[in-house]
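Trainee: I need the structure of the sequence given here:
(one chain, ligands or ions: 1)
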Amino acid sequence: MASQTNSTNVLDSALEQLEDVAALVDLHPDVLAKLKKPKRTLIVSIPTRMDDGSLEVFTGIRVQHNMDRGPCKGGIRYHPAVSIDEVIALAMWMTWKCAVVDIPYGGGKGGVICDPTDMSQTEIENLTRRFVTELVTIIGPEQDIPAPDVNTTETVMGWLMDTYSMQQGYSVPAVVTGKPICLGGSLGRAAATGRGIALVTRETLNTKGIPLEGATISLQGYGKVGGAFADIISEMGARVIAASDISGGLYDPDGLPISELSAHVRETGFIEGFQAGESIGNEELLTMECDVLVPAALENVLTAENAGDVRAKIIVEGANGPTTPAAHRIFTEGDVFVVPDILANAGGVTVSYFEWCQSLQKLFWTEEQVNQRLERVMVKAYHEVYERADELQTDMRNAAMALAVERVGEAILARGIYP
Ligand code: GLU
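Mentor: Purely as a prediction, here's the structure:
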C-alpha cells in the first residue's frame with residue numbers, strides 16, 4: 001500500500017497526460033494554455049486547539065482548477081503527504097472527470113497536511129471548522145462544492161455544512177456533498193464510487209468477452225471506495241480473490257468471503273485480524289494473475305518498476321492517479337486494457353451532483369432512482385469513451401482525456417477570454 005505519494009510526479013503526470021491529449025486532438029492553444037494552470041489556489045494556516053491544550057497550526061489548501069462548465073467540484077483529503085502540487089493535479093483530474101461523465105462542474109480539490117489517524121474526533125472537528133472558516137469566501141453552492149476524499153467522512157462533511165451555514169446565518173446544504181442523510185445527503189452516495197467502479201468493470205468485461213460470473217478480481221484498498229466495490233462486484237457474481245489495505249492483504253483463489261470481510265472492516269476499520277485465505281503482500285497483490293486489478297487506494301502504486309510484472313488482463317483505476325505515465329505506456333504496449341480513473345471512479349462525483357440537485361430543489365430521490373441514474377450515466381460515459389478510443393485509434397485514457405478536454409475546450413471558446 002502506498003503510504004507516501006510523490007507529489008511532484010503526480011503533477012508532472014497530470015501535465016504530461018494533458019500535453020499528450022492536446023497533441024492527439026489538436027487542441028486550441030488558448031485552451032491548452034488555460035487548462036495547464038489552476039484558476040485559483042488558496043493556502044491557509046489552520047490554528048487548531050489540541051486536546052492537551054496546545055495550539056497546532058496545520059496547512060490547508062484548496063485548488064479551483066476550472067469553472068468554465070460550472071462550479072468547481074471535488075473532495076477534501078486529510079493526509080500527511082498532501083502537497084500543493086498534488087492538490088493541483090487532483091483538481092485538474094476532477095475537471096476531466098466531471099466532463100467525461102458530462103455533469104455541469106469544473107474541478108476543485110482540497111487537502112490538509114495532517115495525520116487524522118493520530119488525532120481525536122474533537123481535534124479533527126476543530127481543524128475542520130477552522131479550515132472551512134478560512135475557505136468561506138471561495139466555497140458555496142454556485143462556486144465550489146467540497147466532498148469527502150481520503151480520510152474525510154460524512155461526519156466531517158456535516159461539520160463543514162454547519163460551519164458554512166453558521167457564517168451565512170441560514171442552512172446551506174448545497175455547499176457540500178457526501179453529508180449525512182439527515183442534513184440533506186443523498187441515498188446511495190456512500191457506495192456511489194464503488195458502485196460506479198463495479199458498473200465500469202462489468203461493461204469492460206462485457207466488451208472484452210470475459211463472463212462477469214466468476215471473473216477474478218484483485219483489489220488494493222478496502223476503504224470507502226474499495227469496500228463498497230468489493231460488496232457490489234461480488235453481488236454481481238465476480239470473485240474477489242485478493243484484497244489488501246494498509247494493515248495487510250489476503251488471497252484465496254476460490255474468492256474471499258466478501259460480506260464477512262466487509263462486516264469485519266466496518267467493525268474494526270481494517271482487514272487485519274480477519275481469518276480467511278492466506279496472507280499476501282502488496283506487490284504480490286498488484287502482480288497477481290487475475291482478470292481485473294483494481295487499485296483503489298492512493299496515487300503512484302503502478303510504476304515503471306512493477307508494471308512489467310502485472311499479469312492482470314484489465315486494470316480499472318479506483319483511486320485517483322494510481323498509474324504513472326511510464327507504467328501506462330508499459331500497459332498499453334503489453335496489451336493490458338486500462339480503464340482510467342477519470343472514468344472508472346466518476347460514480348462518486350456523479351452522485352454528488354445528484355445530491356447537489358436534491359439539496360437545491362429540496363426534493364429527494366429514492367435509492368433506486370439514484371442507482372438507476374448512476375448506472376445510466378456510467379454506462380453512457382463508458383461507451384462514449386470506448387467509441388472515442390476506436391475513432392482515435394488510441395487507449396481508453398487518451399480517449400477519456402480527449403472527450404474531457406474537448407468538452408471543457410468548447411466551453412472555454414464559447415465563453416471567450418474576458419476582458
Ligand atoms: N473525492 C471524490 C473524487 O475524487 C468525490 C468528489 C466529489 O464528490 O465531489 O472523485
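
Trainee: Show me which residues of the chain are close to the ligand?
Mentor: Contact residues (CB under 6 Å from any ligand atom) of the chain with the ligand: Lys73, Gly74, Gly75, Ala147, Asp149, Thr177, Asn320, Asn345, Gly348, Val349, Ser352. All C-beta spots, glycine's among them, are computed from the backbone N, C-alpha and C.

Trainee: one more time with 5 Å, if that's ok
Mentor: Lys73, Gly74, Gly75, Ala147, Asp149, Gly348, Val349, Ser352 (CB under 5 Å from any ligand atom).

Trainee: Which one (most neighbours) among those?
Mentor: Gly74 (32 neighbours; other CB atoms under 10 Å).

Trainee: doesn't it fall inside a strand?
Mentor: Yes: checked against DSSP: H, G, I helix; E, B strand; the rest coil, Gly74 lies within a strand.

Trainee: Run through the bridge partners of Ser279.
Mentor: Beta-bridge partners recorded for Ser279 (DSSP bridges): Leu250.

Trainee: Next one, pLDDT for it please.
Mentor: pLDDT recorded at Ser279 is 96.

Trainee: can you check His383 too?
Mentor: pLDDT for His383: 98.

Trainee: so which helix or strand takes in it?
Mentor: Element membership for His383, per DSSP states H and E: helix 367-392.

Trainee: Using neighbour counts, pick out the buried residues of whichever helix or strand comes after that helix.
Mentor: Next helix or strand after helix 367-392 toward the C-terminus (DSSP H and E): helix 396-415. Buried residues in helix 396-415, counted by 16 or more other CB atoms under 10 Å: 396-409, 411-412.

Trainee: Can you classify the closest residue to the ligand within the stretch 101-250 of the chain as helix, strand or coil?
Mentor: Here the residue of the stretch 101-250 of the chain nearest the ligand is Ala147; by CB to the nearest ligand atom that distance is 3.3 Å. With three-state DSSP as the basis, Ala147 sits in strand.

Trainee: ok, it - contacts?
Mentor: Counting by CB atoms under 8 Å, 6 or more residues apart in numbering, Ala147 touches Lys73, Gly74, Gly75, Ile76, Met157, Val176, Thr177, Gly178, Gly348, Val349, Ser352.

Trainee: what pairs with it across the strands?
Mentor: Going by DSSP bridges, Ala147 forms beta bridges with Gly75.

Trainee: Against Ile330, how distant is it?
Mentor: For Ala147, the distance to Ile330 equals 33 Å [CB to CB, to the nearest Å].

Trainee: Burial check on Ala326, number of neighbours?
Mentor: So Ala326, with other CB under 10 Å, has 15 neighbours.

Trainee: From the ligand, how far off is it?
Mentor: The gap separating Ala326 from the ligand is 23 Å, by CB to the nearest ligand atom, to the nearest Å.

Trainee: And that residue, its phi and psi?
Mentor: phi -60, psi -40 (degrees, to the nearest 10).
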